[in-house]
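Peer 1: this one's sequence-less:
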């Protein structure tokens, strides 16, 4: 599926451009593709961070029952592999 693209001006210092170009060449791609991948990685990371903040907030509003936590610890200790 082909998506429409918009050209966006991004200012980078020379060293960063050289590093991106070297990496792109090593991966057989181009600088634009690397920047697209980087943008997706930033968006994905922020999505995960937002989900983590929501989960923490939920536990702050209603903490886990200490008995449940103790049972989970005991079960984990009993079933964890011996390293």
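Peer 2: Yes, it's here. Bear in mind the structure is a predicted one, so any value in this text is a computation, not a measurement.

Peer 1: Just the mean pLDDT for stretch 74-83, thanks.
Peer 2: In this model, stretch 74-83 has a mean pLDDT of 86.

Peer 1: Stretch 28-42 too?
Peer 2: For stretch 28-42, mean pLDDT is 97.

Peer 1: Can you name the next helix or strand after the longest helix along the chain?
Peer 2: Longest helix of the chain, by residue count under DSSP state H: helix 31-61. Per DSSP states H and E, the first helix or strand lying C-terminal to helix 31-61 is helix 66-79.

Peer 1: helices or strands up against that following helix?
Peer 2: Helices and strands touching helix 66-79, by 3 or more Cβ pairs under 8 Å, 6 or more residues apart in numbering; DSSP states H and E: there are none. Every C-beta, even on glycine, is put in place using the N, C-alpha and C of the backbone.

Peer 1: And that helix, what's buried?
Peer 2: Across helix 66-79, burial judged by 16 or more other Cβ atoms under 10 Å covers no residue at all.

Peer 1: Could you do stretch 13-21 as well?
Peer 2: Buried-residue list, stretch 13-21, by 16+ other Cβ under 10 Å: residue 20.
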